[in-house]
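[1] next comes the sequence, and after it the predicted model I'd like to discuss.
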Amino acid sequence: MRRWIPNHTWHLIQNDLIDSKSGRSLPGHQNKGSNMKTIVICSGGLDSVSLAHMVAGERNLTRIVSFDYGQRHLKELDYATRCAQRLDVPHDMIDICGIGSALFGSALTDDIDVPDGHYEEESMRVTVVPNRNAIMLSIAFGVAAAHGDEAVATAVHSGDHFIYPDCRPAFTQAFELMQKAALEGYADVSLYTPFVHRTKADIVIEGARHNTPFAETWSCYKGEDDHCGRCGTCVERREAFDIAGIEDPTTYKDPDFWATVITNKEHG
């Protein structure tokens, strides 16, 4: 079948962006070498676990940081723990449930049904947790500064841009500049976002290149025994493996739903 791909994915920008005026790499896209001490924010999902393996292979992975913000299930955090154990690095599990309880109104934190469908449908906006990435990144930058690390890596990608404003390039670039000011004279920590202009299929390809055990990741918002196959993140996950041409080891309760969703998208 022909796969539906969002318009913005046809405009991929090279990972190392160059400012047309200065000729310098823009914030969030520097690669200062394989010895750069880097923290990875890891939820236990496909994207962040793949990023952790990539950083372990290409940089100096110093630790994994995860957050309990009161999400509707903690299953994915078990996979973050397994990732840290597998890569033999410390794992900081940070409890911010008190903050999360104040960020009400999301299907990820409240008793609200998780919608079925494609990740980029308007109905998926109910999965937004306001300012979640900004809060987590601020804490991670503090952890990095305290430990003498040089970068914080996060797995935001182009598929997140439609729904989540704190996954967009304008945010990541501005956030890094803000943190440079916040830590001026104390620490120099960069934000590493290698996927911010790339697709989830690209992440699958990179993950495979770095021997990521995809079966040891969790994406589904519903947190049941198997991936549901129907929520936005399950549909996106299944689609990404298909576009990448890599076998998906995930067990889905409804393994064919994604194809119906893509067909419907193609026909408007």
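    Arrived safely, thanks for sending.
[2] what comes up buried for the helix or strand in which Asn133 is found?
    Under the criterion of DSSP states H and E, Asn133 resides in helix 132-147. By neighbour count on 16 or more other CB atoms under 10 Å, the buried set for helix 132-147 is Arg132, Asn133, Ile135, Met136, Leu137, Ile139, Ala140, Phe141, Gly142, Val143, Ala144, Ala145. Placement of C-beta: from N, CA and C, glycine included.
[3] one more: stretch 164-173?
    Buried-residue list, stretch 164-173, by 16+ other CB under 10 Å: Tyr164, Asp166, Cys167, Arg168, Pro169, Phe171, Thr172, Gln173.
[4] one more: stretch 247-267?
    Under the neighbour-count criterion of 16+ other CB under 10 Å, stretch 247-267 has Asp248, Thr250, Tyr252, Asp254, Phe257, Trp258, Val261, Ile262, Lys265 buried.
[5] pLDDT at the fourth one, what is it?
    So that's Asp254. Per-residue confidence (pLDDT) for Asp254: 95.
[6] so it versus Leu61, what's the distance?
    The spacing between Asp254 and Leu61, counted by CB to CB, to the nearest Å, is 35 Å.
[7] for the fifth one, same thing?
    Taking CB to CB as the criterion, Phe257 is separated from Leu61 by 35 Å.
[8] ok, Met93 next?
    According to CB to CB, Met93 and Leu61 sit 17 Å apart.
[9] now Ala146
    Distance from Ala146 to Leu61, by CB to CB: 17 Å.
[10] cool, Thr250 as well?
    In terms of CB to CB, Thr250 sits 25 Å off from Leu61.
[11] try Asp242
    Asp242 sits 29 Å away from Leu61, going by CB to CB.
[12] could you do Val40 as well?
    Using CB to CB, one gets 6 Å for the distance from Val40 to Leu61.
[13] shared neighbours, those two?
    By CB atoms under 8 Å, 6 or more residues apart in numbering, Val40 and Leu61 have these common neighbours: Ala52, Val55.
[14] between the two, point out the one with more neighbours.
    Each of Val40 and Leu61 has its neighbours counted (other CB atoms under 10 Å); Val40 has more, 31 against 24.
[15] are we agreed that the more buried one is in a helix?
    No. Val40: not assigned to a helix; according to DSSP: H, G, I helix; E, B strand; the rest coil it is strand.
[16] quick thing: my sequence starts at 463, can you match it?
    With 463 as the first residue, the last one maps to Val502.
[17] wait, what's in contact with it?
    Counting by CB under 8 Å, 6+ apart, Val502 touches Ser510, Leu513, Ala514, Val517, Leu523, Arg525, Ile526, Val527, Val614, Ala615, Thr616.
[18] give me phi/psi at the fifth one?
    As for Leu523, its main-chain torsions (degrees, to the nearest 10) stand at phi -70, psi 120.
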